[in-house]
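[1] pasting a predicted model and its sequence here:
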Amino acid sequence: MEFGFWSLVPPLLTIALALITKNVFLSLVIGIMTGSLVLNGFHLIAGINAGIYAIADSMSQGNTLIIGSCLIVGAVIYLMERSGGIEGFVNVVVKSKGLIKTKRGANLFTWLLGLAVFTSGSLSCMVTGAVSRPVNDALKVPHEKAAFIVHATSTPWCVLFPFSGWLASMTGYLVSGGVAEGEAVSVLFQSIGLNFYCILVILMVLVLALTQKDFGPMAAAEKRAAETGLLDDPAHSRDAQEEKSAVSGATPRAINLLLPIGVLVVVMFATLLVTGGGNIMKGAGLQALIWSVVCALVTILVLCIAEKVFTLDEAIREMFTGMSHMLSIAFILLLGFTMGTVVKGLGTGAYLSSLFQKLLSPGLLPALTFLIALMLSFATGTSMGTMAIMAVISLPMALEMGISIPLVAGAMFGGSIFGDHTSPISDTTIMTCSTTGCDIIDHVKTQAPYCAGIAAVSFVLYLIFGFIL
């Protein structure tokens, strides 16, 4: 609250610049420096110095593990491509066996795969995007559509099916908001059916996949892919989109994709079980992430050398080449983490909440909770941070006013996920685009009409239910 209106300027400036300039890297740097200037009383040198150190300080252990995992995934994907794993997988699933023959089938495959990886939004974006991309590319699904499906089945599904670390986190937020510990889990599961945004966005993806009917910018992307074969807007070229093929003489083998991905998934679940003492919901998510991607990397390296696709030295060089394709994404992730820290220091969440509390009446609490969480998560790009802020503001008010706690909790969780799912500075947005090959701004632009429409419907439903329940 100390900085008042100025606490809104850095995150909103970052988002505005990202949408106008279409350069997320530059926008984040300017946003971080602006926020640091505000935090340091608008002293130019002190602000710039603080901004530089804020970026360096963001290389904490947890953030470093996430960034490192992103680089390793880049290496795994590249080695799978170069060793013929991608081509072999496409041959089995699309060409020779014909298991998936149409765009509809590719969309449904991506949707189901996204639901299968429910333990972590970040991991879902990476695994679903990496595995489904060759199928989507082969059947000319535009990268914008693939990114939308991958992203919509990540954190929105983690919240609706929280049988992972999400259960403990979400329960903790409810307790911090005044819900009795013995009732928190029950309230959480009651709130799932009232999380309108997450339910509707996942159902909408299914409907779009089945009907193959799109509108707005997404329809234009589908038309471009169908008529020209271009999976991206030609104005936005990316290194990750460069055509890569198996090395000369390498036999396409589906095992070179299936085995590394299988190892990744098995090791992920095994690590969650071990670190959670047999309970996957209490497992160490970051530890599971780094172990799974490292084991997947070792697996593909061993396959490449055993099949004599590469010598050891060549395989290591190829590994670093794959990592290099993720460097821009890694730096954007680092800046995104820094932006989150700056926004937290500015107290943006508390200020936004205070503005809306002045307009409050009991029946409006669920709708306003959803709206505040939506705006806060979009401006900050974080769902967990928004939940932490909103829980201690909205839940005590609901308890005091006698408003349905599951309804307010559902609004809080759904609104918080909106920003994680739609903001250009969200880490899952960045990860989704890195694995699907979609430009970040193209992803944000094409899914905006869908997400905004679902948010509007959700807001109306919270208005109605706020006066019914």
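    Good, I have the coordinates.
[2] from here on, contacts and neighbour counts on C-alpha atoms
    Noted.
[3] how close does residue 223 sit to residue 469?
    Look at residue 223 and residue 469: by Cα to Cα, to the nearest Å, they are 44 Å apart.
[4] those two - which one has more neighbours?
    Comparing residue 223 with residue 469 by other Cα atoms under 10 Å, the one with more neighbours is residue 223, at 15 against 11.
[5] leaving out chain neighbours, which residue sits closest to residue 156?
    Nearest residue to residue 156, sequence neighbours excluded (Cα to Cα, 6 or more residues apart in numbering): residue 198, at 4.9 Å.
[6] I'd say that neighbour and residue 416 touch.
    No: under the criterion of Cα atoms under 8 Å, residue 198 makes no contact with residue 416, lying 10.1 Å away.
[7] before we move on, back to that, show me the contacts for the residue nearest to residue 156.
    For residue 198, the contact set (Cα atoms under 8 Å, 6 or more residues apart in numbering) comprises 156-157, 159-160, 414, 417.
[8] which of the residues you listed fall in helices?
    Within the contacts of residue 198, residues falling in helices by DSSP state H are 156-157, 159-160, 414, 417.
[9] redo those as TSV? Include distance to residue 45 and pLDDT.
    Shown next, in TSV, are the ones in helices among the contacts of residue 198 (distance: Cα to Cα, whole Å; pLDDT from 0 to 100):
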residue	distance to residue 45	pLDDT
156	41	93
157	44	93
159	43	91
160	46	92
414	40	96
417	36	94
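[10] who wins on neighbours among the residues you listed?
    The member of the ones in helices among the contacts of residue 198 that has the most neighbours, counting by other Cα under 10 Å, is residue 414 with 31 neighbours.
[11] next up, the contacts around that one.
    Contact analysis of residue 414 by Cα under 8 Å, 6+ apart lists 156, 195-198, 370, 374.
[12] can you rerun that using 7 Å?
    195-198, 370 (Cα atoms under 7 Å, 6 or more residues apart in numbering).
[13] swap in residue 34?
    Counting by Cα under 7 Å, 6+ apart, residue 34 makes contact with residue 10.
[14] state the distance from it to residue 322.
    If you measure residue 34 against residue 322 using Cα to Cα, the figure is 34 Å.
[15] cool, and residue 373?
    37 Å.
[16] between the two, who's got more neighbours?
    A direct count of neighbours by other Cα under 10 Å for residue 373 and residue 322 places residue 373 higher, at 31 against 23.
[17] tell me if I'm right that the more buried one and residue 416 touch.
    Yes: applying Cα atoms under 7 Å as the test, residue 373 and residue 416 come out as touching, 5.1 Å apart.
[18] any residues in contact with both of these two?
    Joint contacts of residue 373 and residue 416 (Cα under 7 Å, 6+ apart) are residue 386.
[19] pull out the buried positions in stretch 215-229.
    217-218, 221-222, 224-225 (16 or more other Cα atoms under 10 Å).
[20] which one of those sits closest to residue 117?
    residue 218 (24.9 Å; Cα to Cα).
[21] where does the prediction get shaky in the stretch 101-250 of the chain?
    119, 163-165, 168, 236-249 (pLDDT under 70).
[22] again, only using 50
    Along the stretch 101-250 of the chain, segments meeting pLDDT under 50 span 239-243.
[23] quick one: the strands in it?
    Ranges of strands in the stretch 101-250 of the chain, per DSSP state E, counting those that start in this stretch: none exist.
[24] in it, which spans are helices?
    Counting by DSSP state H, counting those that start in this stretch, the stretch 101-250 of the chain has helices at residues 103-116, 121-138, 143-152, 155-160, 165-176, 181-192, 196-211, 216-228.
[25] show residues contacting the second one.
    Outside helix 121-138, the residues within contact range by Cα under 7 Å, 6+ apart are 77, 86, 90, 94, 106, 110, 113-114, 117-118, 150-151, 154-155, 158, 428, 431-432, 435-436.
[26] list the contacts for residue 217?
    By Cα under 7 Å, 6+ apart, the contact list for residue 217 reads residue 446.
[27] so which strand or helix has residue 100?
    Assessed by DSSP states H and E, residue 100 sits outside every helix and strand.
[28] now it: phi and psi?
    Backbone geometry at residue 100, expressed as degrees, to the nearest 10, gives phi -130, psi 120.
[29] that older thread, of the helices of the stretch 101-250 of the chain, which stretch is the most buried?
    Comparing the helices of the stretch 101-250 of the chain by mean neighbour count (mean count of other Cα atoms under 10 Å), helix 143-152 ranks first with a mean of 29.
[30] what angle do that one and helix 103-116 make?
    30 degrees (axes from the mean of the first three to the mean of the last three Cα atoms, to 10 degrees).
[31] helices or strands up against helix 143-152?
    Packing partners of helix 143-152 (3 or more Cα pairs under 7 Å, 6 or more residues apart in numbering; DSSP states H and E): helix 103-116, helix 121-138, helix 196-211, helix 427-436, helix 440-468.
[32] touching the first one from outside, list them.
    Which is helix 103-116. Contacts of helix 103-116 (Cα under 7 Å, 6+ apart): 100, 124, 128, 132, 135-136, 139, 141, 149-150, 153-154, 157, 209-210, 212.
[33] ok, those residues vs residue 403, which is closest?
    The closest of the contacts of helix 103-116, once distances to residue 403 are taken by Cα to Cα, is residue 157, at 25.8 Å.
[34] what's the closest one in contact with, if anything?
    Each residue near residue 157 by Cα under 7 Å, 6+ apart is listed here: 115, 118.
[35] could you rerun that using 8 Å?
    115, 118, 198, 202.
[36] mind putting those in JSON lines, distance to residue 62 included?
    Converted to JSON lines, these look like this (distance: Cα to Cα, whole Å):
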{"residue": "115", "distance to residue 62": "25"}
{"residue": "118", "distance to residue 62": "20"}
{"residue": "198", "distance to residue 62": "27"}
{"residue": "202", "distance to residue 62": "29"}
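[37] between those residues, which sits nearest residue 328?
    Nearest member of those to residue 328, counting by Cα to Cα, is residue 118, at 26.6 Å.
[38] how many residues are close by that closest one?
    Residue 118 has 24 neighbours, counted by other Cα under 10 Å.
[39] ok, and the closest non-adjacent residue to it?
    Closest to residue 118 by Cα to Cα, 6+ apart is residue 158, at 5.2 Å.
[40] that neighbour is in contact with residue 152, isn't it?
    No: with contact defined as Cα under 8 Å, residue 158 does not count as touching residue 152 (10.3 Å).
[41] circling back: among the contacts of residue 414, which two are most distant?
    198 and 370 (12.0 Å).
[42] wait, isn't residue 446 in contact with residue 142?
    No: using Cα under 8 Å, residue 446 makes no contact with residue 142, being 10.9 Å away.
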